[in-house]
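K.L.:
Next comes the sequence, and after it the predicted model I'd like to discuss.
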Amino acid sequence: MEQSPFNFDQVVFADLAADYATRVNVQVLNGSDSSGQVKGILNASGINTVSFTGTTQAALYPKIADAIQKIHTNRFLSPTVLVMHPRRWAWFLSALDSQNRPLVVPNAGGPMNAMGNLDAVASQQVVGQLQGLPVVTDPSIPTSLGTNEDTIIAMRASDCILYESALRTRVLPDVGSGQLTVRLQVYGYLAFTAERYPAGVTKVTGSGLTTPSF
């Protein structure tokens, strides 16, 4: 750090800040409510649940409709987003009709019977639509539920509240001064709840969401 021709601490802090954001995301999704973690969406009390035990995209499609209607029925307002693991979205993208045409087509200009639309190839943003809702892929969705299952979340995102402080950085040269080492640290404070209106969330789980084959 003393002899680097550029500000090496900035490189390390950028990596630490990215890791911090990932850890916050993991807690918001699946925090355990213990050992200093918040209670994540998937562990919130009172959210709606839908079980999927089928084996095809066509069988999962009506289960997503069920997840959506549970929010309409129990929250009296509409959901705003579907969140799923990238592997689950890729599984949807792999679905073909009897003539080997994709059922989730690039952009909205595809065939009239499209199951959904593909808008972007990305891992952590809106990538398309299913049943009129934007689909966000998130690799922090756990894939170890049950045996090796992931989950799909339909939610009214504004019902979940995340409080975050500004990210803080500091350099601690004294910690390892005996070995001429320096500690670079980022930290922040957060609070989160998905239990303000738990009926605004539905999780789709079950044996049908095990590791997909392609």
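P.N.:
Right, received. Where do you want to start? Numbering: from 1, shown residues only.

K.L.:
now the farthest one out in the protein, which residue is it?
P.N.:
Gly178 (42.4 Å; C-alpha atoms, centre = their mean).

K.L.:
Next one: that residue from Ser4, what distance?
P.N.:
Remark: distance between Gly178 and Ser4 (C-beta to C-beta, to the nearest Å) = 22 Å. The way it works is simple: take the backbone N, C-alpha and C, and place the C-beta from them, glycine included.

K.L.:
Also Thr193?
P.N.:
For Thr193, the distance to Ser4 - C-beta to C-beta - is 43 Å.

K.L.:
And these two? Which one has more around it.
P.N.:
Thr193 (16 against 9; other C-beta atoms under 10 Å).

K.L.:
That one touches Ile41, doesn't it?
P.N.:
No: counting by C-beta atoms under 8 Å, Thr193 stays clear of Ile41, with 9.7 Å between them.

K.L.:
Mind listing the shared neighbours of these two?
P.N.:
By C-beta atoms under 8 Å, 6 or more residues apart in numbering, Thr193 and Ile41 have these common neighbours: Cys160.

K.L.:
just checking, Met155 touches Met84?
P.N.:
No: contact criterion C-beta under 8 Å: Met155 and Met84 do not qualify, at 11.5 Å.

K.L.:
confidence score at the nearest residue to Gly208 once chain neighbours are set aside?
P.N.:
Among residues not flanking Gly208 along the chain, Phe52 sits closest, at 4.1 Å (C-beta to C-beta, 6 or more residues apart in numbering). You'll see Phe52 listed with a pLDDT of 98.

K.L.:
State the distance from Phe52 to Arg168.
P.N.:
For Phe52, the distance to Arg168 - C-beta to C-beta - is 42 Å.

K.L.:
likewise Gln10?
P.N.:
Distance from Gln10 to Arg168, counting by C-beta to C-beta: 15 Å.

K.L.:
Next: Gly31.
P.N.:
21 Å.

K.L.:
Looking at those two, which is more packed in?
P.N.:
Gly31 (23 against 10).

K.L.:
I'd guessed the more buried one sits against Val24; true?
P.N.:
No: counting by C-beta under 8 Å, Gly31 stays clear of Val24, with 9.4 Å between them.

K.L.:
contacting residues for the closest residue to Asn30 other than its chain neighbours?
P.N.:
The shortest distance from Asn30 to any non-neighbouring residue, by C-beta to C-beta, 6+ apart, is to Gly40 (4.3 Å). Taking C-beta under 8 Å, 6+ apart as the contact definition, Gly40 lies against Val26, Gln27, Val28, Leu29, Asn30, Gly31, Ser32, Asp33, Phe192, Ala194.

K.L.:
mind redoing it with 7 Å?
P.N.:
Listed by C-beta atoms under 7 Å, 6 or more residues apart in numbering, the contact set of Gly40 reads Gln27, Val28, Leu29, Asn30, Gly31.

K.L.:
And it, its phi and psi?
P.N.:
In terms of degrees, to the nearest 10, the main-chain angles of Gly40 are phi -80, psi 170.
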